[in-house]
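Trainee: just the structure for this:
(one chain, ligands or ions: 1)
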Amino acid sequence: MAMGVERLGPRLWRVVSRSGRVFHMRPIRPEDAPALQRAFVAQKPEDRKLRLLSAIPRLPDRMALRFCTVDGVRDAALVLVDDAAPGELFGGARLMRDGEPGTQAGERAEFAVSVASGLQGEGLGRMALETVFALGAEMGIRRVWGSVSRGNEGMRALARRLGMTERADPDDRTLVICEKTLAPDGGAATAG
Ligand SMILES: CC(C)(COP(=O)(O)OP(=O)(O)OC[C@H]1O[C@@H](n2cnc3c(N)ncnc32)[C@H](O)[C@@H]1OP(=O)(O)O)[C@@H](O)C(=O)NCCC(=O)NCCS
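Mentor: I've put the predicted structure just below:
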């Protein structure tokens, strides 16, 4: 089966990894909080640190619930699930608009992406991010950005692969900011 993403519905995708494993991708839900905590603990410590830019060993209940409570209008978060492993999460990507919740939704959003440590290199991070960018464009998001550790070669390579530009974070020299403008149709985006 060829690697790729197929949209099955407005908020449902079928994702085939490089090795042919089939996943579905759907919006995260509050009920996913315990699974998100399990997935977080199962990550290699270095991957946990790269994702949150902090070394916490587990996601506190309130933080997990917050990560799983996403309205799909202002913000978007998609998770990878496998029908053969119900109740487990294998990764995902999100876009959180700048500004406090409750303020007017702007056109800029911060991205984040994560893939289970044992499933990396299968194209899942790229497909999850591309899908959430396309969805974000439909939601009116025009520019996406993310803070990435300088040492995070994988994420920096993925950002380049997706046509993002990179600049030094003026506030933290251990970080770079990767960003790009989304095409309104979510397709090929302009670099820069
Ligand atoms: C960064 C991360 C999401 C990448 O996910 P992934 O599923 O392993 O990446 P993919 O297999 O989709 O790779 C996509 C592209 O990125 C590049 N890439 C990914 N990891 C790489 C690495 N370690 N070294 C070099 N290039 C890499 C490749 O060029 C690849 O291109 P290809 O599709 O043509 O092969 C994953 O490593 C991860 O979860 N890391 C920990 C959390 C994190 O760092 N999140 C980012 C913070 S916002």
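
Trainee: buried residues of the lowest-mean-pLDDT helix or strand in the chain, list them for me.
Mentor: In the chain, no helix or strand scores lower on mean pLDDT, DSSP states H and E than helix 45-52, which sits at a mean of 88. By neighbour count on 16 or more other Cβ atoms under 10 Å, the buried set for helix 45-52 is Asp47, Arg48, Lys49, Leu50, Arg51. Using the backbone N, CA and C atoms, a C-beta is placed for each residue, glycine as well.

Trainee: please apply the same query to stretch 162-171.
Mentor: Result for stretch 162-171 [16+ other Cβ under 10 Å]: buried residues Leu162, Met164.

Trainee: now do stretch 32-42
Mentor: Of the residues in stretch 32-42, those buried (16+ other Cβ under 10 Å) are Asp32, Ala33, Ala35, Leu36, Gln37, Ala39, Phe40.

Trainee: ok, stretch 58-74 next?
Mentor: Applying 16+ other Cβ under 10 Å to stretch 58-74 flags Leu59, Met63, Ala64, Leu65, Phe67, Cys68, Val70, Arg74 as buried.

Trainee: quick one: contacts of it?
Mentor: Contacts to stretch 58-74, defined as Cβ atoms under 8 Å, 6 or more residues apart in numbering, come from residues 11, 27-34, 36-37, 40-41, 76-77, 94, 97, 101, 105, 139.

Trainee: before we move on, the earlier item: quick check, nearest of the buried residues of stretch 32-42 to Val16?
Mentor: Nearest to Val16 out of the buried residues of stretch 32-42 is Ala39 (Cβ to Cβ; 20.3 Å).

Trainee: the closest one - nearest residue in space that isn't next to it in sequence?
Mentor: Leu89 (4.6 Å; Cβ to Cβ, 6 or more residues apart in numbering).

Trainee: so which bits of this structure are right by the ligand?
Mentor: Residues of the chain lying near the ligand by Cβ under 6 Å from any ligand atom: 47, 50-51, 112-115, 120-126, 146, 148, 152-155, 157-158, 161.

Trainee: now the buried members of those residues.
Mentor: 47, 50-51, 112-115, 122-126, 146, 148, 152, 155, 158.

Trainee: in strands, which of these appear?
Mentor: Among these, DSSP state E puts Ala112, Val113, Ser114, Val115, Gly146, Val148 in strands.

Trainee: which ones are touching the closest residue to Thr174 other than its chain neighbours?
Mentor: Excluding its sequence neighbours, the residue lying closest to Thr174 (Cβ to Cβ, 6+ apart) is Arg150, at 5.8 Å. Residues near Arg150 by Cβ under 8 Å, 6+ apart: Arg173, Thr174, Leu175, Val176.

Trainee: repeat for Leu78
Mentor: Leu78 touches Trp13, Met25, Arg26, Pro27, Ile28, Gly92, Ala93, Arg94, Ala128, Thr131, Val132, Leu135, counting by Cβ under 8 Å, 6+ apart.

Trainee: for the residue of the chain found nearest the ligand, give its distance to Val5.
Mentor: In the chain, the residue that lies nearest the ligand is Gly125 (2.2 Å; Cβ to the nearest ligand atom). For Gly125, the distance to Val5 equals 12 Å [Cβ to Cβ, to the nearest Å].
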